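**Student:** What follows is a predicted protein model with its sequence.
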Amino acid sequence: MSEPWGSENTTRPLPVLEKAADAGPGGAAAPDAHDPGPVLDGRDGGGRRFWSARRIPAGVVAALLLIVAAAFLYDIAAVRAHRPAMGWRRELARQLAARPLDDTWVLVGAGVAAVLGLWLIVLALTPGLRRLLPMRRTHADVRAGLHRQAAATALRDRAMEIAGVQSARVRLHRRRADVRAVAHFRELEDVRADLDTVLTEAVAGLGLARPPALTVRVARPGRKG
């Protein structure tokens, strides 16, 4: 025998209680402790260039130093073993003792050594990787870079979408982007205005830490023949 459904027997959903740990003061959700949050662009060193490992120069210098050190060490060991010194070291000692400091070959050797030393100092103090453009950092532990050629290709593709543009060439530098377009129809000023608008948005969309200054030039195609 079934019982009649009444107001007292009506099935009602139980209220669901929110976790107190998920709520902050005033009922607002508390931030995740593991999420450091976004990093402000340009205030955390995100615009710094990437440093090159300099593997090739370091390998060449290490190999040369190893060869020279091994040669001198072998010659010194031979002399200590009561054997005559190698001919190249006797000739080098004689030349250094006989030639004056203003001799042409001495000056040339000193100049070459100074240039090589200056080159090594420049490599040690400069970051390198000029083809890799640093991007804005949105996380404290993540750094990203965009290849310069890829960025130039993206800007060129956007320029080719403009009505009237027949061809476009983009040269992207660290501080500026030079765009040269050829328009075969429409007024040049209208094409240039559209290119300025679209490419400005495209440059901002690249997400670079230091967006390059945009320079747009539009011309008519040259006459054939």
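**Tutor:** That came in fine, so what should we check first? Keep in mind it's a predicted model, so treat the numbers as computed, not measured. Numbers count the residues shown, from 1 in each chain.
**Student:** what about the closest residue to L172 other than its chain neighbours, which SS state?
**Tutor:** Nearest residue to L172, sequence neighbours excluded (C-beta to C-beta, 6 or more residues apart in numbering): A152, at 4.2 Å. In short, each C-beta sits where N, CA and C put it, glycine included. Under the three-state scheme (DSSP: H, G, I helix; E, B strand; the rest coil), A152 adopts helix.
**Student:** which ones are touching the residue positioned nearest the centre of the chain?
**Tutor:** With distances taken as C-alpha atoms, centre = their mean, L132 lies nearest the centre of the chain, 2.9 Å away. By C-beta atoms under 8 Å, 6 or more residues apart in numbering, the residues touching L132 are 49-50, 145-148.
**Student:** ok so, going back, got the confidence number for the residue nearest to L172?
**Tutor:** Looking at A152, its pLDDT is 94.
**Student:** how is this protein carved up into domains?
**Tutor:** 55-125, 145-219 (automatic domain parsing).
**Student:** want to throw those domains into CSV with mean neighbour count?
**Tutor:** As requested, the domains of the chain are exported to CSV (neighbours: other C-beta atoms under 10 Å):
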stretch, mean neighbour count
domain 55-125, 11
domain 145-219, 16
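**Student:** what's the spacing between the lowest-mean-pLDDT helix or strand in the chain and its chain's center?
**Tutor:** Across the helices and strands of the chain, mean pLDDT, DSSP states H and E gives its lowest value to helix 87-98, namely a mean of 83. Put simply, helix 87-98 sits 48 Å off its chain's centre (C-alpha atoms, centre = their mean, to the nearest Å).
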